[in-house]
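Asks: give me a model of this one.
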Amino acid sequence: MQPESVLEVGPGPGITTDILRKQGIKVTTVDYADDVGADMVASVLSLPFSDGEYDVVLCCEVLEHIEFSSFRLALAEISRVSKRGAIISLPHAGRFWPYKIYLPKIGTVGFGFDLQFFRKKHVFDGQHYWELGKRGFNLNTIKSELLHCFKSVKDFRLLDNPYHHFFHCEK
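Replies: Sure, this is the predicted structure:
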């Protein structure tokens, strides 16, 4: 079921916003920075919207820009303003080897291997306070935090770009 309204946290260059609006979806954008042209300037830690004001909240490649100690507060705010849930993506650092195989009568099947024993400690780079896949920030930790604020969480990575890890969170 297509959402009627979406809150996009951290709209970046606006490509996703434009695509959603062309589909007839009412999109409101919010960003902490006042120079990106978002509809509202606010922090994901304190969203100035009513409870359940948006069908879905879209928050891609944003939450790593806040300290992990504030991660759950941001998730609670995202959950609070959404009716149905959220789509969240996080950068997933580390070694990942994707494979695609064509099987006759089935089609292309994809899978990948996450080599967890190469985990490095994250060092703040002026942008990211933490990243999924770095030491202390494994998938189970992130999913556990998401499940404090959402009823169910499904996750996936795109084999063509495994640096982005997506989470479909339902209320």
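Asks: can you pull out the helices in this protein?
Replies: 15-22, 71-81, 139-147 (DSSP state H).
Asks: of the ones you listed, flag the one that's most buried.
Replies: helix 71-81 (a mean of 20; mean count of other CB atoms under 10 Å). (Each C-beta comes from the backbone N, C-alpha and C, glycine too.)
Asks: nearest to residue 46 among the helices of the chain would be which one?
Replies: helix 71-81 (6.7 Å; CB to CB).
Asks: got the angle between the closest one and helix 139-147?
Replies: 40 degrees (axes from the mean of the first three to the mean of the last three CA atoms, to 10 degrees).
Asks: what mean pLDDT does helix 71-81 have?
Replies: Averaging pLDDT along helix 71-81 yields 98.
Asks: and residue 60, which of the helices of the chain is closest to it?
Replies: helix 15-22 (7.4 Å).
Asks: residue 32: which of the helices of the chain is closest?
Replies: That would be helix 71-81 among the helices of the chain, by CB to CB, at 11.0 Å.
Asks: dump the helices of the chain into a markdown table; add distance to residue 171 as well.
Replies: What follows is these, written out as a markdown table (distance: least, CB to CB, whole Å):
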| stretch | distance to residue 171 |
| --- | --- |
| helix 15-22 | 20 |
| helix 71-81 | 6 |
| helix 139-147 | 12 |
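Asks: sounds good, over and out.
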